[in-house]
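1. sequence first, then the predicted structure, then my questions.
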Number of protein chains: 2
Amino acid sequence: MSRPTLGVLFSAGKDSTLAALLLEPHYDVTLVTGSFVVTEDWQHARETAARLDLPFERLELDREVASEAVDQMAADGYPRNGIQRVHEHALETIAKGSFDAIADGTRRDDRVPSLSRSAAQSLEDRHEVPYLRPLAGIGRAAVDQLVETTLEVTTGESQRVPRADYEAELRALLADRDGEAAIEHIFPDHTQSVVRGRK
Amino acid sequence: MSRPTLGVLFSAGKDSTLAALLLEPHYDVTLVTGSFVVTEDWQHARETAARLDLPFERLELDREVASEAVDQMAADGYPRNGIQRVHEHALETIAKGSFDAIADGTRRDDRVPSLSRSAAQSLEDRHEVPYLRPLAGIGRAAVDQLVETTLEVTTGESQRVPRADYEAELRALLADRDGEAAIEHIFPDHTQSVVRGRK
């Protein structure tokens, strides 16, 4: 019996990588990176996928959603609602594809992005595709254990770590709109991790 | 580097088995079955653990908690709050042990047993042990996919399927207390599954 296919929203960070690796024994996994094609940051994810020896796809997202998200972040003065908007759009987009199931790396302790149980059920019902969040019941301490035994990770300030989450593209759009200074205001520097490969 | 140890609360049902199998590549898994030693139903779990080729432990639970749970169920007329009480006690008990991490098979669509995010965090903080719920972000359709590719399962009415969840022992205590008729009132028959082994 052939295994079902699974598309995992992938940023090259440790959470989305762990989500993929937890489900890899049970599905034919493809790592899927959403991009507005504003920058080439999605290519970092392609390189990490190659080091993980997993198939990769770029998922083209709607540039209009990015503009709305940047407007929202500028109005809010913080990125949370904009990131949430973009993640929901990415889930809707991957759900329309041909995978037998979809997944992401959102985890228990994330404030955003996250979907409520009813929003997850709605996504599944509307697109007739199961949506898995394997880290939804896993907190920071356990993620650290899993990373320790599984992944080679580089950690650094978010602007210097070559990930492919939505942040890099949204930063670029924000700089176009309001200048470089707006970036530091809305995205205070924080530590990020990028996966180098498997242990 | 040796892998951390993980104790998974185990009933021989498909959910707790899937939880164990999802984490097996990353931890040294022991299947742990809570029992008030009211009946010998815990031995069904030992047999299933042997068929899964995983280590097994019986976890002795406090008979007083079972009595309180049965009183609660009799007062309520339904089992939900009693089951929740017993599961919380089992988690507290396994958390006091020597595992590097603990887990259970509670899933997204379960009404009970379940722990809120803050209750899970509190359990982890008080016992200094990570608590993983790998099915917390996984719904019915995806569980069915995972079972299909992974497990041999027998399904039947709950009284005829030899599991080792708390229900069998609580049924027996309730029958002692209020007679056999009370069981049918409080535990209407429902379909259960028991794992026969791996595919």
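-> Done, it's in. Numbering: from 1, shown residues only, chains lettered A, B, ... in the order given.
2. quick one: average pLDDT of the longest helix belonging to chain A?
-> For chain A, the helix with the greatest residue count under DSSP state H is helix A:80-95. What helix A:80-95 shows for mean pLDDT is 96.
3. which helices and strands sit right next to it?
-> strand A:5-9, strand A:28-35, strand A:56-60, helix A:63-76, strand A:101-103, helix A:117-127, helix A:166-178 (3 or more Cβ pairs under 8 Å, 6 or more residues apart in numbering or on different chains; DSSP states H and E). No exception for glycine: its C-beta is placed from N, CA and C like everyone else's.
4. can you convert these into TSV and add a column each for mean neighbour count?
-> Formatted as TSV, these follow (neighbours: other Cβ atoms under 10 Å in any protein chain shown):
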stretch	mean neighbour count
strand A:5-9	24
strand A:28-35	23
strand A:56-60	15
helix A:63-76	17
strand A:101-103	26
helix A:117-127	15
helix A:166-178	20
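5. the ones you listed: which one's closest to residue B:71?
-> helix A:117-127 (30.7 Å; Cβ to Cβ).
6. okay, angle between that closest one and helix A:80-95 too, please.
-> Here helix A:117-127 runs at an angle of 30 degrees relative to helix A:80-95 (axes from the mean of the first three to the mean of the last three Cα atoms, to 10 degrees).
7. looking at the helices and strands packed on helix A:80-95, which has the lowest confidence?
-> helix A:166-178 (a mean of 91).
8. can you name every helix or strand that that helix contacts?
-> Judged by 3+ Cβ pairs under 8 Å, 6+ apart, helix A:166-178 is in contact with helix A:63-76, helix A:80-95, helix A:180-186.
9. now do 10 Å
-> Secondary-structure packing of helix A:166-178 (3 or more Cβ pairs under 10 Å, 6 or more residues apart in numbering or on different chains; DSSP states H and E): strand A:28-35, helix A:42-52, helix A:63-76, helix A:80-95, helix A:180-186.
10. tell me the gap between that helix and the middle of its chain.
-> Centre-to-centre, helix A:166-178 and its host chain are 16 Å apart (Cα atoms, centre = their mean, to the nearest Å).
11. using PDB, write out the CA atom coordinates for that helix.
-> Extracted in PDB, the C-alpha atoms of helix A:166-178 (Å, rounded to 0.1, in the frame of the first residue of the first chain):
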ATOM      1  CA  TYR A 166       7.500  35.000   6.100                       C
ATOM      2  CA  GLU A 167       9.400  37.500   8.200                       C
ATOM      3  CA  ALA A 168      12.100  38.200   5.700                       C
ATOM      4  CA  GLU A 169       9.700  39.000   2.900                       C
ATOM      5  CA  LEU A 170       7.500  41.000   5.200                       C
ATOM      6  CA  ARG A 171      10.500  43.000   6.500                       C
ATOM      7  CA  ALA A 172      11.500  43.800   2.900                       C
ATOM      8  CA  LEU A 173       8.000  45.000   2.000                       C
ATOM      9  CA  LEU A 174       7.800  47.100   5.200                       C
ATOM     10  CA  ALA A 175      11.200  48.700   4.400                       C
ATOM     11  CA  ASP A 176       9.900  49.600   0.900                       C
ATOM     12  CA  ARG A 177       6.800  51.100   2.400                       C
ATOM     13  CA  ASP A 178       8.100  53.000   5.500                       C
END
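12. what are the buried residues along the longest helix of chain A?
-> Under the neighbour-count criterion of 16 or more other Cβ atoms under 10 Å in any protein chain shown, helix A:80-95 has A:82-91, A:93-95 buried.
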